[in-house]
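Participant: 3D, please:
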Amino acid sequence: MIIGFILLVLVIALGIYFYTSSPTVECSINSDCVVFGKTGDCNCGCYNKDNLPSSTGGECFYSAPIDCKCVNGTCEGIFEGEMSYSEAKQIAEQSECVKEGNLTEGGYFIANSWWIRMDVVNESCNMVCAVDTITKETHIDWRCTSVL
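Facilitator: Numbering: from 1, shown residues only. Reported below is the predicted structural model:
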C-alpha cells in the first residue's frame with residue numbers, strides 16, 4: 001500500500017515536471033522562431049531555432065502552424081485564417097476561466113480552438129482554457145493525458 005502511494009506520488013511529480021519544463025520559445029526577431037514537427041505531433045509548434053524539443057512527442061491532435069513570428073519576445077505560431085495565441089490569451093484573461101485558476105505560458109492549437117495552459121492539476125489531469133477561434137467563446141477543459 002505504501003509502495004503504491006509512493007509510486008503514485010512519483011508519477012504525479014514526474015508529470016508536473018514534464019508539464020512545466022519545455023523548450024525555449026523566447027525570441028528577439030522573427031528569424032529566431034521556427035516551426036517544429038507536423039500536424040499530429042504532440043510537440044509541433046513554434047520554438048527558438050537554437051532550442052528545439054528532442055522529439056516530436058508521439059501522436060496527438062495538435063495542428064502545426066504554417067509559420068512562426070516573434071511577438072513580445074515569444075515565438076508564436078501563425079495558423080491559416082486563425083487568431084494568434086496572443087489574441088486567444090487576451091480573450092482567456094477576460095473569461096470565466098480565470099476564476100478557476102491562473103493562465104500560464106503555453107498553449108496548443110487544436111481544431112479551431114486554442115487550449116491555453118492553466119496552473120490547476122487534479123488527479124493527473126491538467127486544466128486548460130479552451131478559446132474557440134470562430135465564436136471567441138471560452139470554456140474549461142480537463143486534459144487527462146501526460147501531454148499538457
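
Participant: you'd agree Cys129 is up against Ala92?
Facilitator: Yes - between Cys129 and Ala92 there is a contact under CB atoms under 8 Å: 4.4 Å. From N, CA and C alone the C-beta is placed, and that goes for glycine too.

Participant: Those two - which one has more neighbours?
Facilitator: Cys129 (26 against 22; other CB atoms under 10 Å).

Participant: what's the closest non-adjacent residue to that one?
Facilitator: Spatially, and ignoring its direct neighbours in sequence, Cys129 is nearest to Cys97 (3.5 Å; CB to CB, 6 or more residues apart in numbering).

Participant: got a list of what the residue nearest in space to the middle of the chain touches?
Facilitator: Nearest residue to the geometric centre of the chain (CA atoms, centre = their mean): Gly107, 2.6 Å. Neighbouring residues of Gly107 by CB atoms under 8 Å, 6 or more residues apart in numbering: 85, 88-89, 114-117, 128.

Participant: still on that earlier bit, so what sits against both of Cys129 and Ala92?
Facilitator: 98, 103, 116, 138.

Participant: from those residues, which is closest to Pro65?
Facilitator: Ile116 (15.7 Å; CB to CB).

Participant: distance of that closest one from Ser28?
Facilitator: Here Ile116 is placed at a distance of 24 Å from Ser28 (CB to CB, to the nearest Å).

Participant: quick one: buried residues of the longest strand along the chain?
Facilitator: Counting by DSSP state E, the longest strand found in the chain is strand 113-122. For strand 113-122, burial by neighbour count (16 or more other CB atoms under 10 Å) applies to 113-118, 120-121.

Participant: Show residues contacting the next helix-or-strand element following that strand.
Facilitator: Counting by DSSP states H and E, the next helix or strand C-terminal to strand 113-122 is strand 125-132. For strand 125-132, the external contacting residues (CB under 8 Å, 6+ apart) are 19, 83, 88, 91-92, 95, 97-98, 100-101, 103, 107, 112-118, 120-121, 137-144, 148.
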